[in-house]
Structures are given as C-alpha cells and as structure tokens.
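1. here are the coordinates; sequence isn't available:
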C-alpha cells in the first residue's frame with residue numbers, strides 16, 4: 001500500500017515537472033505564478049476602492065459642511081428675518097422666530113379677517129389660531145401641499161400674507177408670514193391711478209368726438225348759411241324772401257349751440273400751446289410707453305424693443321400733455337401690431353420749416369385700402385379690442401397744432417406713422433376780421449382767389465358766394481392740389497380750410513409763403529374758437545374765419561385785400 005502511494009506521487013511529480021529530475025528546493029512555479037497575478041489584481045482593486053472611499057469621504061465632509069452651514073444660516077435667518085417664520089406640527093407651534101411674536105403681540109390681540117374672495121368671511125383671534133388651522137388642513141392631506149391667503153388686522157389697515165407648505169415625508173408645516181400692507185396700498189394707488197388715467201382718456205375721447213361732431217355740424221351750417229345768402233340774392237324783395245330772416249336766425253341759433261357744445265367738450269384744464277423741445281417731450285412719452293412694453297413682455301414672453309434716434313431740432317409749438325398722449329398711443333398701437341414681438345423705431349429729422357417724426361414697427365402692417373380710414377373715428381383694425389379713437393384723436397391734435405399725420409406700410413413688413421410739426425418761426429399775430437355794423441363796399445378790383453377745402457359741399461357753395469361777389473375763384477380739394485396750383489401762378493387771396501387730411505391748412509399756408517411771401521392768407525375752420533388765440537397760430541396769416549362763415553365778415557376781408565396792390569409774380 002505505501003509502495004503504491006509512492007508510485008502515484010512519483011508519477012504526479014513527473015507530470016508536474018514534464019520529465020525533469022525532482023528537486024525538493026526548486027520553487028513550484030506552476031503554483032506561485034497564478035497566485036502572484038491574483039495578488040496584483042487584488043492590490044489594484046484595493047487601490048481603486050481606497051480612492052473611491054476617499055472621494056466619498058470628501059463628499060460626505062462637503063455635504064456635512066453644507067448642511068451644517070445651511071442649518072446655521074437657516075437658524076440665523078429664523079431669528080433675524082423681518083418675516084415671521086414658524087414650524088407647526090400635530091401639537092401646534094414647534095418653533096418660531098421673534099418676528100412672529102412682535103407681529104401679533106398679546107397687547108394687540110385684535111384678530112384677523114380673511115380676505116380671500118372665494119371663501120366666506122372669517123375672523124381669527126390671533127396669528128397662532130389662523131396658522132394652526134391652515135397647518136391642520138395641510139397635515140390632513142397626503143403628500144406635500146401649499147396654501148396662500150391674505151388677512152387684514154381687524155379694525156386696522158395692516159395686511160399680511162400667510163404662505164404655508166407641508167414638508168414632504170414628515171408631519172410638519174412651515175409657515176411664512178409677510179407684511180404686505182405697503183404692497184397692497186401701492187397696488188390700490190396704482191389701480192386708482194389707472195382708473196384716473198382711463199377716466200381721463202374717456203373724457204378726452206368724448207371731447208374729441210364732440211369736437212369732431214361740432215366741426216361737421218359747423219360745415220353743414222356753413223353750407224346752409226351760404227345757401228341762404230345766395231337765395232336772398234336771387235329773391236331780392238320778392239314776397240318769398242320774407243322767410244329768409246327766420247331761417248337765417250335758426251342757423252345763427254344752431255351755430256351758437258354748437259359753439260357751446262364745443263367749448264364744453266374741449267380738453268381744457270391746460271390747453272396751452274407753447275414752444276416745445278421734441279427731444280425732451282418725446283423721450284418722456286417713450287418712458288411711459290416702456291413700462292407698458294415691459295408688462296406685455298412679461299405676460300406674453302415675447303421680446304419688445306424701443307429704439308429712439310432724435311436729432312437736435314428747433315422748437316415746435318404744441319401742448320406737451322397732448323403731444324405725450326399722441327406718442328404713447330402710437331407706440332402702444334405698434335406694440336399691438338406685433339403679436340410675436342419686435343422693435344419699435346422712433347426717428348426724427350428736419351424738412352425745411354417742419355420737424356418730422358416717424359414711429360415705425362415690424363408688425364403686420366395695414367391693408368392699403370385702410371391706410372386713410374384708420375384715422376376715422378371708431379374705425380379699428382383690432383376688432384373688439386380697439387376703440388377706433390386713438391388715431392382719429394392724433395390726427396385732430398396734429399391738425400390743431402398745424403401739422404399732419406399719415407400712415408404708410410414699410411417694406412418688408414410693418415407700418416410707419418409720419419408726423420410733421422411746423423417749426424416755431426417768428427410770426428405776427430393774426431387778426432380776426434372785425435364784424436362790421438354795415439355791409440362794406442364791394443372790392444375795387446376783381447381778385448383772383450384760391451379756395452381750398454376738403455368738404456365738397458362747402459367748396460361748392462363758398463365758390464358760388466365768392467363768384468357772386470365778382471371774384472375769380474379757383475378751387476382745390478386738398479393741400480397738395482393747392483400747392484400744385486400755386487406753383488404755376490400767384491393769387492390775390494388764399495382762403496384755406498384748416499382741418500384737412502394728409503396736409504393741414506397751416507402747412508399749406510407755410511408752403512405758400514415760401515413761394516409767394518406777400519400773398520394774403522385767411523384760414524377757415526369749423527373747429528370753433530380754438531384758433532382765435534394768438535398762440536394757436538403756427539404761421540403768419542391775415543386772420544381766421546370761423547364756420548359757418550359770416551358773409552359780411554368775408555366781404556370785409558375781401559375789401560381790405562382789394563385795397564392793396566396786386567400780388568406780383570415771383
């Protein structure tokens with residue numbers, strides 16, 4: 001048996017040594033080489049684990065430091081915050097800061113009234129009571145939840161906002177109380193200011209409408225009065241003429257009533273026309289507009305930019321408040337025309353005796369057939385969101401200032417509003433033609449008269465009356481047409497309506513002065529007495545005749561012009 005075992009061991013040794021002689025002191029390479037490789041692998045893994053452990057230790061240290069800092073910072077904030085902070089659990093207040101007690105001391109236990117509109121009116125005796133009830137409701141819910149409500153101190157003006165939030169995973173509710181009294185008062189003041197502004201806009205809109213109606217009525221009364229004068233000429237002393245004085249008196253009474261309505265509708269607290277620097281007035285209007293643009297950007301998320309490039313320009317004569325209103329309205333119109341956002345440009349330059357300001361956008365533009373209609377009262381391209389009064393008011397304001405406003409589409413997109421302001425040039429005070437007690441004598445010579453009016457009925461009947469006076473009359477239905485006629489030859493008298501689209505009567509008068517400095521000019525207006533004041537005239541004219549025209553006043557003006565030498569060629 002031992003011999004058999006020895007033979008088996010011998011065979012094994014021979015296999016191990018592949019036939020080499022057996023040596024007891026020789027290393028067993030077949031066994032030790034694999035062990036060394038495994039040891040190296042273990043060392044590598046150990047080193048990797050060591051490095052990971054070091055990283056984890058560092059992260060743990062950082063996190064522990066951060067948590068400790070956050071805890072210390074939170075505790076410090078809890079003690080020093082101006083806001084009242086408290087932590088509520090099942091047993092009520094667990095922790096609170098000093099502000100919590102100073103906000104609702106026992107000496108002022110007046111109670112709090114809930115201000116939430118969608119809940120019934122409720123009263124709480126103290127801050128603890130209302131916070132505990134809110135916390136109880138949140139703790140009864142699963143998961144995390146929040147609550148925000150406002151309360152007013154009973155019998156006082158103090159208002160607080162209570163924000164409560166359940167902390168997920170534990171039955172605790174964090175309560176933050178902010179004193180929002182100033183914010184509430186500021187919101188109330190802002191609301192009142194907006195209401196006052198809206199009321200003013202409504203009042204101005206009503207005034208503009210009444211002023212426009214008065215203008216149109218004066219045009220109609222002008223036609224009636226002049227037709228009656230022509231009828232009186234035709235009938236002479238016939239029996240049928242006995243009714244004419246009564247009809248003339250009716251027209252006079254109607255004109256007086258229209259004048260009173262116009263005076264009541266006038267904007268009037270401060271309608272002073274004075275020299276203004278556009279580089280000062282326009283930026284003030286743009287500053288007001290930027291607030292509206294920023295609010296729209298916050299609500300819609302669409303970007304709006306407002307870029308202004310205004311060179312130094314001579315002063316213009318205008319009313320500052322009215323001018324600001326015009327530019328604010330134009331900027332907001334541009335904002336509404338850009339549903340995707342965009343840039344609004346305000347630029348200026350000088351064109352002869354005029355300052356030109358353009359307001360343009362990158363919006364949807366205006367259909368070509370509506371470019372002139374947008375200035376009509378109550379016409380709007382905004383649907384139900386627009387009143388249709390802003391641009392009509394802007395045109396009326398520019399006409400009163402002696403300027404104009406036109407709209408045109410830009411390429412490739414957007415619209416541009418171009419405003420022309422007459423510069424404040426040296427002027428002589430215009431004189432109103434006196435109302436003579438007796439009809440003046442007819443003109444000593446036949447005068448060549450250029451009559452300008454955009455109302456076809458007024459143009460036709462005024463021409464008939466002037467021709468009945470023995471005058472040679474040429475008519476124009478627009479300012480541009482009048483300037484084309486004046487380019488060819490001079491006239492002894494220019495009778496020009498003030499309120500015309502595209503180019504006002506004041507602009508026609510200024511352009512006419514450049515070509516024919518000595519031509520006598522009388523302005524005709526249906527805007528009541530707005531232009532009878534000296535400071536309301538943007539250029540030197542002989543006088544202003546109000547509609548309905550007084551034929552005797554008109555004859556007096558013609559007689560004074562006829563006594564002068566004829567206007568020579570340039």
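-> Perfect, I can see it now. The structure displayed is predicted, hence computed values, not measured ones.

2. In the stretch 201-350 of the chain, where is pLDDT below threshold?
-> Low-confidence segments of the stretch 201-350 of the chain (pLDDT under 70): 201-205, 207-208, 261-272.

3. Show me the helices in it, by range?
-> Remark: helices assigned in the stretch 201-350 of the chain by DSSP state H, counting those that start in this stretch are 244-265, 278-300, 320-336.

4. TSV please, covering those and showing distance to residue 511 and mean neighbour count.
-> No exception for glycine: its C-beta is placed from N, CA and C like everyone else's. Formatted as TSV, these follow (distance: least, CB to CB, whole Å; neighbours: other CB atoms under 10 Å):
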stretch	distance to residue 511	mean neighbour count
helix 244-265	28	15
helix 278-300	21	15
helix 320-336	23	21
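
5. Same list, those helices, but as CSV with distance to residue 459 please.
-> Conversion of these to CSV gives the following (distance: least, CB to CB, whole Å):
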stretch, distance to residue 459
helix 244-265, 19
helix 278-300, 34
helix 320-336, 29
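
6. so which of those gets nearest residue 42?
-> Smallest distance to residue 42 across the helices of the stretch 201-350 of the chain (CB to CB): 63.2 Å, for helix 278-300.

7. The closest one to helix 320-336, inter-axis angle?
-> For helix 278-300 against helix 320-336, the angle by axes from the mean of the first three to the mean of the last three CA atoms, to 10 degrees is 40 degrees.

8. and helix 278-300, what does it pack onto?
-> Applying 3 or more CB pairs under 8 Å, 6 or more residues apart in numbering; DSSP states H and E, one finds that helix 278-300 contacts strand 304-309, helix 320-336, strand 342-351, strand 354-360.

9. Strand 304-309 and that helix, what's the angle between them?
-> Comparing the axes of helix 278-300 and strand 304-309 via the same axes, to 10 degrees yields an angle of 170 degrees.

10. my read: residue 402 touches residue 420, true?
-> No - with contact defined as CB atoms under 8 Å, residue 402 does not count as touching residue 420 (9.3 Å).

11. and for the two, which residues touch both?
-> residue 507 (CB atoms under 8 Å, 6 or more residues apart in numbering).

12. Neighbour count for the two, which is higher?
-> Set residue 402 next to residue 420 and count neighbours by other CB atoms under 10 Å: residue 402 wins out with 27 against 23.

13. Assign that one to helix, strand or coil.
-> coil (DSSP: H, G, I helix; E, B strand; the rest coil).

14. Now it: phi and psi?
-> phi 90, psi 20 (degrees, to the nearest 10).

15. Can you tell me the closest non-neighbouring residue to residue 303?
-> Using CB to CB, 6 or more residues apart in numbering and skipping the chain neighbours, the partner closest in space to residue 303 is residue 341 (4.5 Å).

16. Next one: the one you found relative to residue 296, how far apart?
-> Residue 341 sits 9 Å away from residue 296, going by CB to CB, to the nearest Å.

17. Find residues that contact each of these two.
-> Residues within reach of residue 341 and of residue 296 at once, by CB under 8 Å, 6+ apart, are 302, 304.

18. out of the helices of the stretch 201-350 of the chain, nearest to residue 129?
-> helix 278-300 (37.1 Å).

19. can you give me how far that closest one is from the chain middle?
-> 6 Å (CA atoms, centre = their mean, to the nearest Å).

20. got the angle for it vs strand 354-360?
-> Using the same axes, to 10 degrees: helix 278-300 against strand 354-360 is 10 degrees.

21. quick check: angle from helix 278-300 to strand 342-351?
-> 170 degrees.

22. State the number of residues packed around the residue nearest to residue 303.
-> Neighbour count of residue 341, defined by other CB under 10 Å: 17.

23. swap in residue 481?
-> 15.

24. Quickly note the distance from it to residue 519.
-> Applying CB to CB to residue 481 and residue 519 gives a distance of 17 Å.

25. In three-state terms, label residue 564 for me.
-> coil.

26. Kindly report the domain assignment for the protein.
-> 81-179, 190-265, 275-422, 448-562 (automatic domain parsing).

27. Nearest the middle, which residue of the protein would you pick?
-> For the chain, residue 332 is the residue whose C-alpha lies nearest the centre (CA atoms, centre = their mean; 3.6 Å).

28. Next up, the contacts around that one.
-> 289, 292.

29. mind checking how far it is from residue 283?
-> Counting by CB to CB, the gap from residue 332 to residue 283 is 16 Å.

30. thinking again about what came up before, and the residue nearest to the centre of the chain, how far from residue 289?
-> 7 Å.

31. repeat for residue 380
-> Applying CB to CB to residue 380 and residue 289 gives a distance of 19 Å.

32. swap in residue 373?
-> Per CB to CB, residue 373 is found 25 Å from residue 289.

33. for residue 490, same thing?
-> 46 Å.

34. Please apply the same query to residue 121.
-> From residue 121 to residue 289 the distance is 41 Å (CB to CB).

35. Equivalent analysis for residue 478, please.
-> 32 Å.

36. and if you look at residue 212?
-> In terms of CB to CB, residue 212 sits 25 Å off from residue 289.

37. Likewise for residue 561?
-> 47 Å.

38. who touches the nearest residue to residue 235 once chain neighbours are set aside in this structure?
-> In this structure, residue 235 finds its nearest non-sequential neighbour in residue 241, 4.0 Å apart by CB to CB, 6+ apart. Taking CB under 8 Å, 6+ apart as the contact definition, residue 241 lies against 231-232, 235.
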